[in-house]
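Trainee: Quick one: sequence and predicted model below, then my questions.
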Amino acid sequence: MTSPILEAKNISKRFGDFRALSDMSIALRPRTVHALIGPNGAGKTTYFNILSGVMRPTSGEVIFEGKPVTPLQIHERLHRGMARSFQVTNIFQSFTVHENVRLAVQAVIKSEPAVFWRGLSSRASIQDRVEALLDLTGLQGAAGKRAGDLSHGAQRTLEIAMTVASKPKLVFLDEPLAGMSIDDIHRSKQLIHSLARDMTVVLIEHNMNVVMDISDCITVMAQGRKIAEGTPDQIRAEETVRKAYLGSRG
Ligand SMILES: Nc1ncnc2c1ncn2[C@@H]1O[C@H](COP(=O)(O)OP(=O)(O)OP(=O)(O)O)[C@@H](O)[C@H]1O
């Protein structure tokens, strides 16, 4: 079996006396889509923040490609190949789509070790990378538009283009399909699938139909614990999952 690209071992998180996460372990296989789901307050965001480096755990360890990354900051994790989306607030609304993507590519070149970006510092290769990202995300047609004039769905897609500018090996997407129209959801599902050809995708998503469609593996959380994990078919068949969701609605 392939070694996991990311592992979390026995992660716990306390906020004062409140235990938000208890003993959460996970192992992500390379080039898969892995979803975190669970009722409101289950601890998904806290776990996501700890895995991606926004927050430190109270105890436990995060390991990327066999090396501990628990104490590393986000930018240090980016150097290793872990990227995370930060919602549309990262987009420059008055700049064009092309300019936004170019800025993301240039920002990575500035911050990355030369070895990672060797051959990508010339103007032509920056342009090539921008075109490749626009192509990947289907945003070529909108390249000259002001980002602020895009639909919500297209802005989220732009955010993904900017997040993967660094060619990460692992990308964290926080509710990438939230607030999207049906058409946008369909396009974004295909985009997430195509990302997983080159990288591992970890996402939090509330739309269960989408999660079932696009995930290779799903971790179900409730009250700060993992209550189930498996393929969409395995999760559908889990009685504990049904109970957790019904419990949260009832
Ligand atoms: N900074 C914090 N200080 C205190 N409690 C917190 C903090 N962040 C989260 N919590 C609590 O931890 C629990 C888990 O929150 P978290 O946001 O991780 O859940 P979630 O599964 O992402 O929920 P949702 O689906 O509603 O976003 C909640 O009870 C929340 O109130």
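Mentor: Looks like it arrived, so ask away. Numbers count the residues shown, from 1 in each chain.

Trainee: So which bits of stretch 180-195 are buried?
Mentor: For stretch 180-195, the buried set under the neighbour-count rule, 16 or more other Cβ atoms under 10 Å, comprises 180, 184, 185, 187, 188, 189, 191, 192, 195. In this view, the C-beta of every residue, glycine as well, is placed from N, C-alpha and C.

Trainee: Closest one to the ligand out of these, please.
Mentor: Using Cβ to the nearest ligand atom, residue 180 is the member of these that lies nearest the ligand, at 17.3 Å.

Trainee: Wait, the closest one touches residue 191, no?
Mentor: No. The pair residue 180 / residue 191 is not scored as a contact, 11.4 Å apart, by Cβ atoms under 8 Å.

Trainee: Spatially nearest residue to residue 154 (excluding sequence neighbours)?
Mentor: When the adjacent residues along the chain are set aside, residue 154 lies closest to residue 142, with 6.1 Å between them (Cβ to Cβ, 6 or more residues apart in numbering).

Trainee: Could you report the pLDDT at the one you found?
Mentor: In this model, residue 142 is scored at 96, pLDDT.

Trainee: residues in contact with it?
Mentor: By Cβ atoms under 8 Å, 6 or more residues apart in numbering, the residues touching residue 142 are 97, 150, 154.

Trainee: Please tell me which one of these counts the most neighbours.
Mentor: Each of the contacts of residue 142 was scored by neighbour count (other Cβ atoms under 10 Å); the top score is that of residue 97, with 28 neighbours.

Trainee: Next to the ligand, which bits of the protein? Give me the list.
Mentor: 15, 18, 20, 38, 40, 41, 42, 43, 44, 45, 46 (Cβ under 6 Å from any ligand atom).

Trainee: what helix or strand is the last one on?
Mentor: Just to be clear, that refers to residue 46. With the criterion set as DSSP states H and E, the secondary-structure element containing residue 46 is helix 44-52.

Trainee: now that helix: mean pLDDT?
Mentor: Helix 44-52 carries an average pLDDT of 95.

Trainee: can you list contacts of it?
Mentor: Residues contacting helix 44-52 (Cβ under 8 Å, 6+ apart): 6, 8, 11, 13, 20-21, 24, 26, 36-38, 55-57, 62, 74, 77, 82, 84, 172, 174, 202, 204, 221, 224.

Trainee: The same query, at a cut-off of 7 Å, please.
Mentor: 6, 8, 11, 13, 20-21, 24, 36, 38, 55, 57, 62, 82, 84, 172, 174, 202, 204, 221 (Cβ atoms under 7 Å, 6 or more residues apart in numbering).

Trainee: Then stretch 158-168?
Mentor: 78, 81-85, 87-88, 90-91, 97, 100-101, 104-105, 108, 112, 133-134, 137, 139, 147, 150, 171, 173, 176, 191, 195, 199.
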